[in-house]
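Chemist: Need coordinates for the following:
(2 chains)
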Amino acid sequence: MVSMPRSRSFKFLMELREKNQARIKELRLMYEVLKKSPLALIGFILVLGFIVIGIIGPYITPYDPIKIDFSNMIKERLQPPSWKHWFGTDEYGRDIFSRVLAGARISLMVSIVVMAIAIPIGIILGLLAGYYGGVVDEIVMRITDIFLSFPALILAIAFSATLGASIWSAMIALALVWWPGYVRVVRAQTLSVRESLFVEAAKAIGVKTSRILFRHILPNVITPLLVLVTLDFGSVILTSAALSFIGLGAQPPTPEWGRLVADGRKWFPTRWWYTFFPGLAIFLTVLGWNLLGDGLRDMLDPKFRRRLEFRKGDTNE
Amino acid sequence: MAELKYYLIRRLITFVPTILGVLLLVFVISHAVPADPARLWAGGEKAKPEVVEMIREKYHLNEPMHIQFYYYIKDLLSGNWGESPVTKRPILEDLADYFPATFELAIASTILMVIVAIPLGIISAFKRDTIIDHLVRLFALMGISVPVFWLAIILQWIFYYQLGILPATGRGIEPSVSYTGLYLLDSLLAGEFDKFVTNLSHIILPAITLAFPGIGVIARITRNSVLDAMSSEFIDFAEARGLHGFQFYRHVLKNAMIPIITVLGLQFGFLLSGAVITETIFAWPGIGNYAVKAINALDYPAIMGTTLLIGLVFVIVNLVVDVIYALIDPRIRF
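Modeler: Okay, here's the model as predicted:
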């Protein structure tokens, strides 16, 4: 048996591997889930496609998604799908395929901004409520309950109508509506972790509370939160499209998908492509997030997990 | 039955702060979020100064916040929900006119959800991990992923423009008498069967659209709770006792019902918000349609009135669900 030459970088890699063993195992399990569940894999591909188009979409549009070409407008307007215009054209002669591609950026941006506001609020309030309990918990949870006594869409409509119809007020409205769900999950997890030995130990040796919260408790809270966030990405995209559809949210000429469906409705059914393709884009994107989130949830479900791990062990040994 | 009574009283007491919370949130959105609520309610930038001043006086907007909240609740309780600058009518009257249509649609959707989703869920559970189970799962995920407004347009395209068998918009013909405000029920009570058929054909597409996302959710919950019930010890016991066929399934289903009822109650609340979109597309004359018209006309008192109404109905439905829950499951009462 020849021993392998062990360079420094190799050693470093081994150490890295050792340190992140749990994480690597987690990723491998995720890979297993994707391999085993075709639906989750489809979801993953759809989501990946959405994110890629969201990033590069505006640069690869065959035509300008916003500017109107007045010289060709009469000739080009409301054309059915063809090789030249895959998704047809709108009433100003703009290429709908280009507008849908550019629209991915807006949905991606909206969902990321909403999450970037709602998740930190949810984490901080959830950690505080779960860790301290008592009065803090009571206050935080009662406020959360109030927000949860409305269906999300209605509350988002009320906020965004009051803030004025624009894409920014829609984002703020959605963030205001979405944080309570995260508080609930984080608090519930925090409650179950709070009593564990490692938290006791950290307290006993005098670790600062903020460090206990963010370094010791938070990592144990992240996984269930991740599933919820994945599923919610779809809901946020759906709700923001609904807001734009009824006239709140994105304003023309922004190629927001919900807005496009609403604009196309005026020409339905003779110009079906105008409303069909933007709606299809919303549907596929949201379906992608939901399929992926559903797969992730399976992965975290102990019953399903054991079955997978067990089967894997079976074939290896 | 004494413990049931105490449970109900306890539940009613916690109901009061919930209602106050709903009022508080709508108050904050309408009074504290906008820089100048009076101007907003009068219709925004183009409002006349004297109208703005009048509203400011009328709603005590010059007073401190907590005093304003007091007046707000007092007004609401005395039936004064404000007046719509667009329809020039009290909001509460407008809502009372539009609500029965929404209620009827929500009921029809709930019935549809129950008769489609629960059998789907049960089949899915008994055929666990087969192709049927996977298809039901995919169908459920598609249900929560499809944009309701897009689905509505596609259904209209298929059933009205292509097949021509169902009407695309409207609520049908008003029955000659109005006992309940629900067209279907009223036309039956009045014995007008031709109107009943027309109205039924009008409600089908909006009801399918509205029920579609919920069907997936309920089917999944049904599947999971049936599976849970089947893996419990009392079912093992029932099997050991030699129960089979109908008797066996009755035990399973009875125990699976409890989570299903809870989710069904929650879904009813979501139906009300889904109605905002669905009613717009099918020109269904309910509060959702009213709200969207209000949004486009910048009619803020109407928007807030609708929000408040839906919030209140949502909370009340949850209360009713909890009470039903306590009635069927004695364990809850303690």
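
Chemist: and B:Ser124, how far is that from chain A?
Modeler: B:Ser124 is 14 Å from chain A, where distance means C-beta to the nearest C-beta, to the nearest Å. Placement of C-beta: from N, CA and C, glycine included.

Chemist: what helix or strand does that residue sit in?
Modeler: In this assignment (DSSP states H and E), B:Ser124 forms part of helix B:91-126.

Chemist: counting contacts, what elements does that helix pack onto?
Modeler: Helix B:91-126 sits against helix B:131-145, helix B:183-189, helix B:193-230, helix B:245-282, helix B:287-296, helix B:300-328, with contacts defined as 3 or more C-beta pairs under 8 Å, 6 or more residues apart in numbering or on different chains; DSSP states H and E.

Chemist: try 6 Å
Modeler: If contacts are counted by 3 or more C-beta pairs under 6 Å, 6 or more residues apart in numbering or on different chains; DSSP states H and E, helix B:91-126 sits against helix B:131-145, helix B:193-230, helix B:245-282, helix B:287-296, helix B:300-328.

Chemist: Can you list the buried residues in whichever helix or strand comes after the second one?
Modeler: In this case it means helix B:193-230. Where DSSP H and E defines the elements, the next helix or strand beyond helix B:193-230 is helix B:233-240. By neighbour count on 16 or more other C-beta atoms under 10 Å in any protein chain shown, the buried set for helix B:233-240 is B:235, B:238.

Chemist: Could you do stretch B:187-201 as well?
Modeler: By 16+ other C-beta under 10 Å, the buried positions in stretch B:187-201 come out as B:187, B:192, B:195-196, B:198-199.

Chemist: which residues sit against it?
Modeler: If you take C-beta atoms under 6 Å, 6 or more residues apart in numbering or on different chains as the criterion, stretch B:187-201 is touched by B:166, B:172-173, B:175-177, B:179, B:183-184.

Chemist: which bits of the stretch 1-150 of chain B sit near chain A?
Modeler: Within reach of chain A by C-beta under 6 Å from any C-beta of the partner chain, the stretch 1-150 of chain B has these residues: B:21-22, B:25, B:29, B:33-34, B:141, B:145-147, B:149-150.

Chemist: Nearest to A:Leu225, out of the buried residues of stretch B:187-201: which one, please.
Modeler: Using C-beta to C-beta, B:Asn199 comes nearest to A:Leu225 of those, at 46.6 Å.

Chemist: List the single closest residue to that closest one in space, sequence neighbours excluded.
Modeler: B:Gly172 (3.5 Å; C-beta to C-beta, 6 or more residues apart in numbering or on different chains).

Chemist: and the one you found, what does it touch?
Modeler: By C-beta under 6 Å, 6+ apart, the residues touching B:Gly172 are B:183, B:198-199, B:202.

Chemist: Which members of those residues define the maximum pairwise distance?
Modeler: Maximum pairwise distance among the contacts of B:Gly172 (C-beta to C-beta): 9.2 Å, between B:Tyr183 and B:Thr198.

Chemist: quick one on the thing from earlier: closest to chain A among the contacts of B:Gly172?
Modeler: Top of the list for closeness to chain A, among those and by C-beta to the nearest C-beta, is B:His202 at 19.0 Å.

Chemist: how far away is the nearest residue to that closest one once chain neighbours are set aside from B:Ile204?
Modeler: Nearest non-adjacent residue to B:His202, counting by C-beta to C-beta, 6+ apart: B:Gly172, 4.0 Å away. Per C-beta to C-beta, to the nearest Å, B:Gly172 is found 11 Å from B:Ile204.

Chemist: got the phi/psi numbers for B:Asp299?
Modeler: phi -90, psi 80 (degrees, to the nearest 10).

Chemist: Can you give me the neighbour number for it?
Modeler: B:Asp299: 24 surrounding residues under other C-beta atoms under 10 Å in any protein chain shown.

Chemist: which ones are touching it?
Modeler: B:84, B:86.

Chemist: Quick check, pLDDT for it.
Modeler: Note on B:Asp299: pLDDT of 83.

Chemist: Residue of the stretch 51-200 of chain B nearest chain A, please.
Modeler: B:Trp150 (3.2 Å).

Chemist: That residue is in what secondary structure piece?
Modeler: helix B:148-156.

Chemist: The residue of the stretch 1-150 of chain A found nearest chain B and B:Val146: what is the separation?
Modeler: Among the residues of the stretch 1-150 of chain A, A:Ile146 lies nearest to chain B; the distance is 3.6 Å by C-beta to the nearest C-beta. Note on A:Ile146: its distance to B:Val146, by C-beta to C-beta, is 30 Å.

Chemist: same thing with A:Val227?
Modeler: Taking C-beta to C-beta, one finds A:Val227 at 21 Å from B:Val146.

Chemist: Kindly report the same for B:Tyr59.
Modeler: Taking C-beta to C-beta, one finds B:Tyr59 at 41 Å from B:Val146.

Chemist: Repeat that for B:Lys254.
Modeler: Distance from B:Lys254 to B:Val146, by C-beta to C-beta: 33 Å.

Chemist: rewinding a little: the inter-axis angle of the helix holding B:Ser124 versus helix B:300-328?
Modeler: Compare the direction of helix B:91-126 with that of helix B:300-328 by axes from the mean of the first three to the mean of the last three C-alpha atoms, to 10 degrees and you get 40 degrees.

Chemist: how about helix B:91-126: buried residues?
Modeler: For helix B:91-126, a neighbour-count test (16+ other C-beta under 10 Å) marks B:91-92, B:94-95, B:97-110, B:112-114, B:116-118, B:120-126 as buried.

Chemist: likewise stretch A:197-213?
Modeler: Buried positions in stretch A:197-213, judged by neighbour count with 16+ other C-beta under 10 Å: A:199, A:202, A:212-213.

Chemist: possible to save those as TSV with distance to A:Trp178 and secondary structure?
Modeler: As requested, the buried residues of stretch A:197-213 are exported to TSV (distance: C-beta to C-beta, whole Å; DSSP: H, G, I helix; E, B strand; the rest coil):
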residue	distance to A:Trp178	secondary structure
A:Val199	28	helix
A:Ala202	31	helix
A:Ile212	27	helix
A:Leu213	22	helix
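
Chemist: For the residue nearest the centre of chain A, list the residues it contacts.
Modeler: The C-alpha lying nearest the average C-alpha coordinate of chain A belongs to A:Phe233 (C-alpha atoms, centre = their mean; 2.7 Å). For A:Phe233, the contacting residues are A:111, A:289, by C-beta under 6 Å, 6+ apart.
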